[in-house]
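A.B. asks: Generate coordinates for the sequence data below:
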Amino acid sequence: MSDSLLAQTSNPNLFVLTGGPGAGKTTVLVELEKRGYRVAPEVARQIIQEQVRDGGTALPWADRKVYTDMMLARSIESYRAHTPALQATFCDRGIPDALGYARLIGLEEDAAIRLACDRYRYATRVFLAPPWQEIYQTDRERKQDFNEAVRTYDTIARVYRECGYEIVELPKSEPGVRAEFMLGQLRLDENQRNPQLSGTLT
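C.D. replies: Residues are numbered from 1 along each chain as shown. The predicted structure is shown next:
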């Protein structure tokens, strides 16, 4: 057995919600948080906000290699901070998103990212928010046009499948309906609906 497999960590209560930019995933996570579930925020947006505030260059429109390295490091930190998760915890993107971004920018040196994807494992079922032009907006941290958002979605879906995850696509509907769809898919019991109680998937 390889060293990477010997060191593999599984986090079956950490569920990833990912997708291209502007697909409404963060609003769904806010809805889940309102219902008492734990949420791990998106590290990529945090990095961009910090870099803009501090005048740094680790940005998607500046030094993309350093930005990718930071995204990987912070994603691993987030994973470790939420492991073990005794209740269902929803993560705004996961470590394979860093691999997807590396593919999008043509970064060839991705061995460390691929190793991290193998080593740190989330729940098998990953939720994917599809491109949705009617709600798509740019902002200070999101500068991609909609075509690039679609390309990001396609790449991320492909990467998660390559990493052995099962993809479940969210419906294009309001956040409450999307949240209920996710919870229905996971068949969470009442213990998991209460963040003060531990539980496992039924």
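
A.B. asks: Surely A44 touches G94?
C.D. replies: No: A44 lies out of contact with G94 (CB atoms under 8 Å); the separation is 11.1 Å. The C-beta positions use only the backbone N, C-alpha and C, and glycine is treated the same way.

A.B. asks: Neighbour count: those two, which is higher?
C.D. replies: Per other CB atoms under 10 Å, whichever of A44 and G94 has more neighbours is G94, with 30 against 22.

A.B. asks: and that one, backbone torsions?
C.D. replies: With angles defined as degrees, to the nearest 10, G94 sits at phi -140, psi -180.

A.B. asks: helices or strands up against whichever strand or helix holds T18?
C.D. replies: Here T18, judged by DSSP states H and E, is contained in strand 14-19. Where contact means 3 or more CB pairs under 8 Å, 6 or more residues apart in numbering; DSSP states H and E, strand 14-19 is packed against helix 25-34, strand 89-92, helix 95-104, strand 125-129, helix 146-162, helix 175-186.

A.B. asks: who touches it?
C.D. replies: Contact with strand 14-19 is made by 25, 28-29, 40, 79, 82-83, 85, 88-94, 96-97, 122-123, 125-131, 153, 156, 160, 165, 170, 182, 186, as judged by CB atoms under 8 Å, 6 or more residues apart in numbering.

A.B. asks: out of these, which are buried?
C.D. replies: Taking 16 or more other CB atoms under 10 Å as the criterion, what is buried in the contacts of strand 14-19 is 25, 28-29, 40, 79, 82, 85, 88-94, 96-97, 122-123, 125-129, 131, 153, 156, 160, 165, 170, 182, 186.

A.B. asks: just to revisit the earlier point, paired strands for the strand holding T18, with orientation please.
C.D. replies: Applying DSSP bridges, strand 14-19 is found paired with strand 89-92 (parallel), strand 125-129 (parallel).

A.B. asks: Now mean pLDDT too, for the ones you listed, in CSV please.
C.D. replies: Shown next, in CSV, are the strands paired with strand 14-19 (pLDDT from 0 to 100):
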stretch, mean pLDDT
strand 89-92, 96
strand 125-129, 96
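
A.B. asks: Could you list which residues are in contact with L107?
C.D. replies: Counted by CB under 8 Å, 6+ apart, L107 has contacts R64, K65, T68.
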